[in-house]
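**Q** no sequence for this one, just the structure:
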């Protein structure tokens with residue numbers, strides 16, 4: 001903003017300068033109520049953090065109110081400092097999403113174990129390395145999952161892909177024994193709670209498994 005002032009026949013322009021104060025915020029977190037935050041807080045103080053947000057996060061909740069408050073507090077030019085990156089995020093994907101959120105708002109992230117992540121050349125390189133690592137991690141999980149499914153399908157005729165089954169092997173075995181004794185599917189459903197469709201499907205799988213076991217015994 002420019003203010004105009006007249007003095008001795010001349011015009012003076014006074015520029016109002018608004019000083020932007022850049023803040024350094026610290027964030028400390030432990031995973032259990034028994035752990036102590038003191039060590040992290042001391043290290044953050046040594047990094048000249050002007051305000052430190054801290055909380056104890058446990059596996060029983062995904063909420064981090066202090067961290068959410070910190071994200072709402074920071075503004076462009078500010079810095080968030082953490083002792084280790086795993087204090088900042090609980091997994092690689094969450095770390096990347098939060099990093100991008102901060103980069104879009106021109107907020108610097110400083111992790112004492114890996115360095116500074118900002119919009120500089122080095123910061124961009126570090127961020128790209130994290131992106132590549134996250135993609136590698138996802139690809140590795142997918143590959144291992146597919147290999148595990150392929151092995152299970154080949155060696156376990158009872159393999160079932162999808163949601164966990166409602167009835168255990170023991171419950172199905174009991175129902176199958178009732179069916180072998182001559183009871184019909186509807187009566188078994190009333191006794192066990194296992195639907196007729198489930199009985200037919202699981203009985204078929206059970207018979208296929210028994211057939212495979214008998215073939216293996218004959219070959220032995």
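**A** Yep, that arrived. If you're wondering where the values come from, they're calculated on a predicted model, not measured in any experiment.

**Q** C-terminal to the single longest helix found in the chain, what's the next element?
**A** When the chain is parsed with DSSP state H, its longest helix is helix 121-155. Reading on from helix 121-155 to the C-terminus, the next helix or strand found by DSSP states H and E is helix 169-180.

**Q** ok, the residue most central in space within the chain to residue 57 distance?
**A** Taking C-alpha atoms, centre = their mean, the centroid of the chain lies closest to residue 91, which sits 4.6 Å from it. Using C-beta to C-beta, to the nearest Å, we find residue 91 at a distance of 13 Å from residue 57. C-beta: built from backbone N, CA, C; applies to glycine.

**Q** residues in contact with residue 115?
**A** 122, 126 (C-beta atoms under 8 Å, 6 or more residues apart in numbering).

**Q** gap between it and residue 177?
**A** Residue 115 sits 65 Å away from residue 177 when distances are taken as C-beta to C-beta.

**Q** now do the contacts for residue 43.
**A** Residue 43 is in contact with 83, 112, counting by C-beta under 8 Å, 6+ apart.

**Q** you'd agree it is in a strand?
**A** No: membership of residue 43 in a strand is not supported by DSSP: H, G, I helix; E, B strand; the rest coil, which gives helix.

**Q** now do the same for it: its pLDDT.
**A** Residue 43 is assigned 95 on the pLDDT scale.

**Q** equivalent analysis for residue 61, please.
**A** pLDDT at residue 61 comes out at 58.

**Q** kindly report the same for residue 83.
**A** So residue 83 comes in at 93 (pLDDT).

**Q** same question, residue 32
**A** pLDDT at residue 32 comes out at 75.

**Q** buried ones in the longest helix of the chain?
**A** Across helix 121-155, burial judged by 16 or more other C-beta atoms under 10 Å covers 123, 126, 127, 130, 134.
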